[in-house]
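1. Attaching a predicted model along with its sequence, questions to come.
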Amino acid sequence: MSEVPGAHGRCLCGGVRYKVRGELREVINCHCERCRRFTGHHMATTSAKLDDISVEDEDALLTWFFPVPEAGYGFCSRCGSSLFWQSSEAAARRAICAGTLDPPTGLRTVQAWWVSQASDYHVRPDLPELETE
Ligand SMILES: [Zn+2]
Ligand SMILES: [Zn+2]
């Protein structure tokens, strides 16, 4: 965990902007098929308490897609940027696509999840691998 007071992030077009007040988790790369298809590669996310994340004008462009009822992906409906992942099993937290945070984030990538579902072109970095989410 790394304290990043007042972390800010946004999508490519700037239509969705957010702030995180609290602590951010280190980054986990998720290679599961859903995350792979959603992002076009793997989903590199930090996460924060839902209550600590405030999205400006949340209803304007932030759109949620639910490939299954218990998990949704949040993206900008104008530029298509991947922004968030949210699970009903961990409803108190929200995963944040780490590349949408303004650097420096102070974060490190610490794990790779579901590498068995990565595509065949994927070059495996030297990270601890977990088949879990
Ligand atoms: Zn956008
Ligand atoms: Zn995933």
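-> Here it is on my side, so go on. Ligands and ions are numbered 1, 2, ... in the order given.
2. where do the helices sit along this structure?
-> For the chain, applying DSSP state H gives helices covering 33-39, 58-61.
3. Just the pLDDT for the residue sitting furthest away from the middle of the chain.
-> Computed with Cα atoms, centre = their mean, the residue of the chain farthest from its C-alpha average is D120, at 22.6 Å. On the pLDDT scale, D120 is placed at 94.
4. ok, now which ones touch it?
-> For D120, the contact set (Cβ atoms under 8 Å, 6 or more residues apart in numbering) is empty. C-beta coordinates here come from the backbone N, C-alpha and C atoms, glycine included.
5. how close does it sit to W113?
-> Distance, D120 to W113, using Cβ to Cβ, to the nearest Å: 18 Å.
6. Could you point out which residue ranges in the chain have low pLDDT?
-> Across the chain, the ranges flagged by pLDDT under 70 are 1-6, 133.
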